[in-house]
Structure formats: structure tokens, C-alpha cells
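1. The following comprises the amino acid sequence and a computationally predicted model.
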Amino acid sequence: MQHVADDRSRGPLSPAADARPGRAGRTRRSVLGRTAATGAMIIGAAALPLLTALPAEAAPAASAVAVDAGVAKDGTVTAKETITFDGTAPDTLSQRFENRENLLGDRRYVQTVSGVTATSGGKQLTVRTDDTAQYSTITVDTAGVSGPVVISYTTVGAVISTADGPTLHWRALQGLSVPASNVTANVRIPTTPTFVRCTAGAPNSTVPCDTAAGGTEDSQTPTFGETTLGQGQVLAVEIGFPTNAVSVNEKITYRWTVARAFSVKPLPLGLALGLLVLGGLALVLLHRRAGRDASARGDVVRAGEFAPVGAGESEFRVLSDIRPGHVGTVVDERVDPIDITASLLDLAVRGHLLITELPRESEYGRTDWLLRRLDGPDDLRPFESTLLDATVARGDEVRVSEIGSRVHGSVGAVQDALYDEVVANGWYERRPDATRSRWTTWGIAAIVAAVVVTVLLAAFTTFGLTGIVLIVLALGLVFVGQEMPARTARGAALLAGLGALRSDLLTHPTNQMPKGRELRELSEVLPYAVVLGGAERWLDAIVAADDDADADPEDLSWYHGPDTWHLRHLPESLRNFVTTVTGSLFSR
């Protein structure tokens, strides 16, 4: 007890109590803290209404705007805006005038604002103008101005033609950078109006303004008013005039749209269709004149025939020294891969090459062939000599898998030699490839020109469809150019003969070859059948000529197979050979 009494005697502010506060001391300090916080909250709540009641700095606003405008008989509008502020004006005042107003479709009105000046108290103020395609924005330096600001300008293009007659279509106030109250507009006109209308609010608003009057004995000058307008809002007026009282000075331009650029109205559409018809006829006539074969004169020139040599027997004879490569080039006007491959087969059949099918290295290995150059007869044409020399040297041999890198660069020379020969033989007046190249070049140039014309027509006119037709005709020229190589009369006669030979290859009996020479005669037919068609039936005839069950690795003089190879394997072997050689010669 004495301890407690002594502790209390020190008092709450004694050093001992301050240094070692007990539980009771801590509780008293906590209560005091909560009391202080509560008091601060009460004081703050009481002060909040006073703080919110303090006036914020007001944004600049025009207390009155009076527009005084006049419309001349030529439709020009002169306007003067008097803008009054309560107190000091803002440092800058700007106004944005819309130069173009979009209408339905692709039309738009164009109004031009010029001669902008600004004064205050008779003193000129600095005006800066920023023009874009859509707007003209003026900025007036109004720092320190205390009196009204007067902005004057002239507008051209506000009198438009409507079903009601000449009509003033004008925004008396627009695009002001500050809100405005007590907006009025007086428009002096040279005659009594037929009607007055007014809208106010956002641009293109349809809400009527507060007041609009005019056209009566008491009010010859139309007047308009709006109590308040927000920043950038518009007071738009329309005043009708009797016919010829005021000149229409509207300027209408057209916005670029796809529908307008490629208009399907009668004139653009009719012109495009007419050009398409006439251009198509011109292409047809051009092909008939420059790309049609000459008329064949005299007898048909036959490249080969089946000549009877006995009862129920015939042999195949090549006429006019025409090779399979010639045949393919005359038929389709191109030196195709199959023409060169068929030429290799023909060289083998004639004794210049021996094709040996090699055994596969494994069951799933790739088939390969060995090409051996032989000393054949002296009957080579220039393109055949080029092809042989590019494939395998004299007395040498090469695998088909190796000829791609050796022959690929010489394929062009073989094609050139073939094209030169068909011209030298009188079947074409000019090389078909050169003819196609020339017409293709002209066609591509026409496409480029047509695209340029189309862009210009679409950008600046409504005749874009005409440009599209020009592009189509230019593409047609490229297509027709591929058909332009024309055969001479001699070439046309040969083409007719090749048609007859193709018919024979597809229909002539394959079992009428002279006995004992079946394989030789059938082999001579095969290269021509590869080019013209019917190769399968002649291959089947070679298979049918095998009259025993023994292996036939060397029964053909021009194609040898592995030891177990039979003639019945020839169709599949030859298909693989043609595919592989063609790929090797023309792969990149």
C-alpha cells in the first residue's frame, strides 16, 4: 500500500511517472488522442460549407454577342460581330468558320470567309488565320482588352438555290471559343423575305432558336436571337428571297467517294460499256489480222504415215524429215519440256543414244538411267546436235540424275535452235517466242498506262469505270498476245497434216507391223505418240510383241533394263524416265 501511495504522490507530471508510464497512464493518453481527433473532424465538418461557398474563378464568357450583317444583291454577306465581356476579355479569342458543309450524297457547299479584321475601342487587334480544307480558324490577341471586341468579315457562297428560290444559308455565329449569352443577329437584306428560319445549338442542330422575326411591315429586317450558346455552338439562319431579288452565289463541290469515282449514271456507264464493246471487237480484229494463220495452199503436209507393205501389214514412215521437237513446236507454238524429252527418245530410237535402266540400290531406292552417246547416223538437225552435246559428250556416258546441272543451262539454247528451225523451215515468219514477248511487252505497257489513267479518272472525274474497262482491255491484249504467233501457209498445211497423223496414232491398228520388225517399227512411232498423243496404246503394242516368258533386258536396241527386266515393264519404266528427265532438265 505504501508503494502505491508513494507512486501517486509523484503526480502525473513527475519525472518518474513520465519515464515509466503505467497502464493507467497509457489509457489516459489514448483517450486524449481520440478526443483531439474527434474535435478535428467536427471542426473540419463545420468548415466544409464555408469552403464550398467560396466562389471559384469564373471561366471567360461573353455576356452579349450582337451580329449585324448585310446581304448585297450579288449574294455577298458582310458581317460585324460585337462581343462584350463582363470584365476583362481572355488573352486570346478564337472563332472557327466551317468552309465546307456536307450534303446528302457526295455534294457539299463551299463558303469563303475573307477580309477578317478585329478591333476594340477603335484599336486594331492582331488576327492570326489558320486555314484548312474544312475550316478557317481566326485567333485574336485580346490580352488586356476591357471593352467589346468587334470582328468583321465577308462571306461568299451563302446564297444557295432551293425549291423555294434563292435562300441565304448562313451561320450568323459559329465556332466561338467562349460561351455566349444574349446572342442577337440582324440581317439587312435588299428586299422583303419570303420566309425566315433559325436553328441554334450544336452544328447541324434542328432545334429552333429562341426568336426569329422578319418579313412583316413592322420588321422588314430579319432578326434572330438565342439566350445562351455554348462554346463552339452555332446560330444558323435561313432567309428566303423572291426570284431574281438576290443572285445565287453558291459554290458546290463534290467529295471523293468510290460511288462517285466509279459512277453508274447513264453517261459514265454507257461510255464504259461502249468502250468495252468496241475494245473487244478491236482485239478480235487485231488477232484475225496479225495472229491468224495464213490459209494453207495446196496439199496437206504430212509428217508421218503408216504405209502398207503387205497384206495386213504397214510400217511407220517419217516424211519431210520432221522431228518430234518440230511437231510439238508447230502444234502449240511453244518448245515445251515434253518436246525436248521426246527428242531424246527419238535420238535413242535412231541410234544416237542408248538408255539403260540401272538396278535400284535398294528395294525403295530411286530409279536411275545411264545415257551413253553412240555413233549414230549423220542425220542430226542443229537443235538435236545442241541437245546431244549438252547431255553427253561423244563416246561418254552420264546418269540421268547427273544431267540436270549439265543440261539446265543449255535448255535455252536448244529452245532457241528449235525456234530458229521452225522459221527456217518456213512454218513461221517470226519466232513464236519473240512474237509473244513483243505483244506481252505492249500489253504490260498498256496495263501500266490503263492503271495510271484509271487513278486519274477516279481521282478527278466520275468516269472511273472507263479506266476499269481500259485495264480489262489491256489484260485482254496480254492474253491475245499469247495467241499472236501466226503460222505461214506452209505451217498451216503442216498443222493440218499433224492433225491427220494424230488421228492415225489414236486409231491405227497396233498389230499390223511387219513380222520380225515389230519392236523396231513400234519404237519409231513412240516419240511422235509422246508428243501428239496415244503413247499408251503403242507401249501396250510393244508389250504384246513379247512372245516368250524370258527376261528382255536387251530386246530393244535403244532401251536396256536390268537382268530381270521384261518388256511388260516398259510402260512404267518409260513413264518414270520421261518424268525424271523432264524434271531434271527444267527444274531450278
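-> Yes, it's here. None of the values given here were measured: they were computed from a predicted structure.
2. Give me the pLDDT for the residue nearest the centre of the chain.
-> What sits nearest the mean C-alpha location of the chain, by C-alpha atoms, centre = their mean, is residue 451, with 11.5 Å. pLDDT for residue 451: 97.
3. What of the one 3 residues further on?
-> Looking at residue 454, its pLDDT stands at 97.
4. Leaving out chain neighbours, which residue sits closest to it?
-> residue 467 (2.7 Å; C-beta to C-beta, 6 or more residues apart in numbering). (Glycine included, C-beta is placed from N, CA and C.)
5. So the one you found sits against residue 459, correct?
-> No - at 10.1 Å, residue 467 does not count as touching residue 459 under the criterion of C-beta atoms under 8 Å.
6. element containing residue 253?
-> According to DSSP states H and E, residue 253 maps onto strand 252-254.
7. Tell me which other helices or strands that strand touches.
-> Contact here means 3 or more C-beta pairs under 8 Å, 6 or more residues apart in numbering; DSSP states H and E; on that basis strand 252-254 packs against strand 107-110.
8. what comes up buried for whichever helix or strand comes after the strand it packs on?
-> For strand 107-110, the succeeding helix or strand toward the C-terminus, using DSSP H and E, is strand 112-120. Buried positions in strand 112-120, judged by neighbour count with 16 or more other C-beta atoms under 10 Å: 113, 116, 118, 119, 120.
9. for stretch 504-520, same thing?
-> 504, 505, 508, 510, 512, 513, 518, 519, 520.
10. do the same with stretch 350-369
-> 350, 352, 353, 354, 355, 356, 357, 358, 367, 368, 369.
11. pLDDT, secondary structure and distance to residue 262 added to those, as JSON lines?
-> Below are the buried residues of stretch 350-369 laid out as JSON lines (pLDDT from 0 to 100; DSSP: H, G, I helix; E, B strand; the rest coil; distance: C-beta to C-beta, whole Å):
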{"residue": "350", "pLDDT": "95", "secondary structure": "coil", "distance to residue 262": "62"}
{"residue": "352", "pLDDT": "95", "secondary structure": "coil", "distance to residue 262": "62"}
{"residue": "353", "pLDDT": "95", "secondary structure": "strand", "distance to residue 262": "61"}
{"residue": "354", "pLDDT": "96", "secondary structure": "strand", "distance to residue 262": "66"}
{"residue": "355", "pLDDT": "96", "secondary structure": "strand", "distance to residue 262": "61"}
{"residue": "356", "pLDDT": "96", "secondary structure": "strand", "distance to residue 262": "65"}
{"residue": "357", "pLDDT": "95", "secondary structure": "strand", "distance to residue 262": "62"}
{"residue": "358", "pLDDT": "95", "secondary structure": "coil", "distance to residue 262": "64"}
{"residue": "367", "pLDDT": "91", "secondary structure": "coil", "distance to residue 262": "58"}
{"residue": "368", "pLDDT": "93", "secondary structure": "coil", "distance to residue 262": "59"}
{"residue": "369", "pLDDT": "95", "secondary structure": "strand", "distance to residue 262": "59"}
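12. ok, back up a step: can you list the buried residues in the strand holding residue 253?
-> Buried, per 16+ other C-beta under 10 Å, within strand 252-254: nothing.
13. residues making contact with stretch 253-270?
-> By C-beta atoms under 8 Å, 6 or more residues apart in numbering, the surrounding residues in contact with stretch 253-270 are 100, 102, 106-108, 110, 457-459, 461-466, 468.
14. re earlier: of residue 467 and residue 459, which one has the most company?
-> Ranked by neighbour count (other C-beta atoms under 10 Å), residue 467 and residue 459 place residue 467 first, with 22 against 10.
15. which element follows the helix or strand harbouring the more buried one toward the C-terminus?
-> Applying DSSP H and E as the criterion places residue 467 in helix 464-481. As assigned by DSSP H and E, the chain's next helix or strand after helix 464-481 is helix 489-507.
16. domains of this structure?
-> When the chain is parsed with automatic domain parsing, its domains come out as 2-43, 62-255, 304-429+486-586.
17. now those as CSV including distance to residue 280?
-> Shown next, in CSV, are the domains of the chain (distance: least, C-beta to C-beta, whole Å):
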stretch, distance to residue 280
domain 2-43, 92
domain 62-255, 31
domain 304-429+486-586, 20
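18. May I have the phi/psi pair for residue 244?
-> phi 70, psi 0 (degrees, to the nearest 10).
19. List the residues that contact it.
-> So residue 244 contacts residue 166 (C-beta under 8 Å, 6+ apart).
20. How much space separates it from residue 157?
-> Applying C-beta to C-beta, to the nearest Å, the value for residue 244 to residue 157 is 19 Å.
21. next one: residue 407
-> Distance of residue 407 to residue 157, given as C-beta to C-beta: 76 Å.
22. Residue 228 now?
-> Taking C-beta to C-beta, one finds residue 228 at 29 Å from residue 157.
23. Could you do residue 532 as well?
-> 76 Å.
24. What of residue 165?
-> Applying C-beta to C-beta to residue 165 and residue 157 gives a distance of 17 Å.
25. The two: which has the busier surroundings?
-> Between residue 165 and residue 157, counting by other C-beta under 10 Å, residue 157 is the more crowded of the two (22 against 16).
26. Now for the nearest residue to that one once chain neighbours are set aside: which residues touch it?
-> In space, and not counting its chain neighbours, residue 157 is closest to residue 111: 4.1 Å by C-beta to C-beta, 6+ apart. Contact analysis of residue 111 by C-beta under 8 Å, 6+ apart lists 97, 98, 99, 100, 101, 155, 156, 157, 158, 170, 251.
27. pLDDT wise, what is the closest residue to residue 429 other than its chain neighbours at?
-> Nearest non-adjacent residue to residue 429, counting by C-beta to C-beta, 6+ apart: residue 488, 5.8 Å away. For residue 488, the model assigns a pLDDT of 93.
28. how many other residues sit next to residue 488?
-> 19.
29. correct me, but it touches residue 294?
-> Yes - if you go by C-beta under 8 Å, residue 488 and residue 294 touch, sitting 5.3 Å apart.
30. shaky segments in this protein?
-> The model of the chain has pLDDT under 70 over residues 1-58, 215-219, 405, 586-588.
31. Distance of the residue nearest to residue 404 when sequence neighbours are not counted relative to residue 411?
-> Distance criterion C-beta to C-beta, 6+ apart; nearest residue to residue 404, sequence neighbours excluded, is residue 584 at 3.9 Å. Distance from residue 584 to residue 411, counting by C-beta to C-beta: 10 Å.
32. same deal with residue 306?
-> Distance from residue 306 to residue 411, by C-beta to C-beta: 33 Å.
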